[in-house]
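# Below is the sequence, then the predicted model.
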Amino acid sequence: MGIPVLIYPEVQEYLRLKEGECINIINARWKKMSVEWQNKFPAVSGIPRGYLVVDHPDMISKTGQQTNIQVQPFSVMERQAADGFLYDFVYVSMNAADRSSRQQAKQFFERYLEHTGVAGEYLLAIDPSDPYFDARYAYPRDLETQDRYGLTQMRLIKERIKGSCFRGFTIDRLAIIIPDKYPTSHEIYRLAKNAGIPPSQITEDAASRMAIVLLEQAIRLDRVAVLVECIVIDFPGILTQ
């Protein structure tokens, strides 16, 4: 997490700032973000949104030092499984200043897709202006508006990254346990009802898909702990597995 800085193009051109160059910023102005830009940062809701404005060369002094800027391009890959689809969060670390690292990153994503050995597809492009690979959607907003199930997966990935755990059950483990223990739509609807999650929010589909949507709804309603308790009541021995 960092503070955004808006450096005017004429300032950057005048000082000939290069990627990885360390600078000191002096007397920059703090400016509140417009509502339009605030809406692009839903993950940090509740935090005042603003940025520093640098519109004069005197606001910047060079330190003479260089640093390696590490970036992590990522995508979400959808691949077929026996009873539905699985989703992988795929990323690679690279040095932004190393021009060869971009090609290496492209090769990594290509090899990962080949390594799965099944029909798979990346859902998100990394850079719409110069794609690393073919992807179903160029922008995250396209995924959000056109692919509800893909969006559900993105939300669950956030929980996986945060390491959410409920009585020892991670999101990944629950995504496996639920379709295994509740293999029919009727059973998943019953589990949802017992956990206080409206079954109407879960479209009838393969058990693996319904389990993912059930988990998303449980997270949204803060009912994951209750969901786990319902599973433990149905299968008491699951805690020792």
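Received, thanks. Numbers count the residues shown, from 1 in each chain.
# least trustworthy helix or strand in the chain by mean pLDDT?
None of the helices or strands of the chain scores lower by mean pLDDT, DSSP states H and E than strand 165-166, at a mean of 58.
# Show me where this protein has its helices.
9-15, 35-38, 99-115, 140-146, 148-162, 171-181, 185-194, 207-220, 224-234 (DSSP state H).
# now, of those helices, which is deepest in the fold?
Highest mean neighbour count of those: helix 207-220, a mean of 22 (counted as mean count of other CB atoms under 10 Å). (Each C-beta comes from the backbone N, C-alpha and C, glycine too.)
# Which residue, other than its chain neighbours, is closest to residue 77?
Leaving aside its sequence neighbours, residue 77 sits nearest to residue 88 (CB to CB, 6 or more residues apart in numbering; 4.5 Å).
# okay, now the one you found: neighbour count?
Using other CB atoms under 10 Å, residue 88 has 17 other residues around it.
# Distance of the residue located most distally from the centre of the chain relative to residue 52?
Computed with CA atoms, centre = their mean, the residue of the chain farthest from its C-alpha average is residue 58, at 38.3 Å. For residue 58, the distance to residue 52 equals 15 Å [CB to CB, to the nearest Å].
# pretty sure residue 234 contacts residue 181?
Yes - using CB atoms under 8 Å, residue 234 is in contact with residue 181, at 7.1 Å.
# residue contacts, residue 192?
Applying CB atoms under 8 Å, 6 or more residues apart in numbering, we find residue 192 in contact with 198-199, 202, 214, 217.
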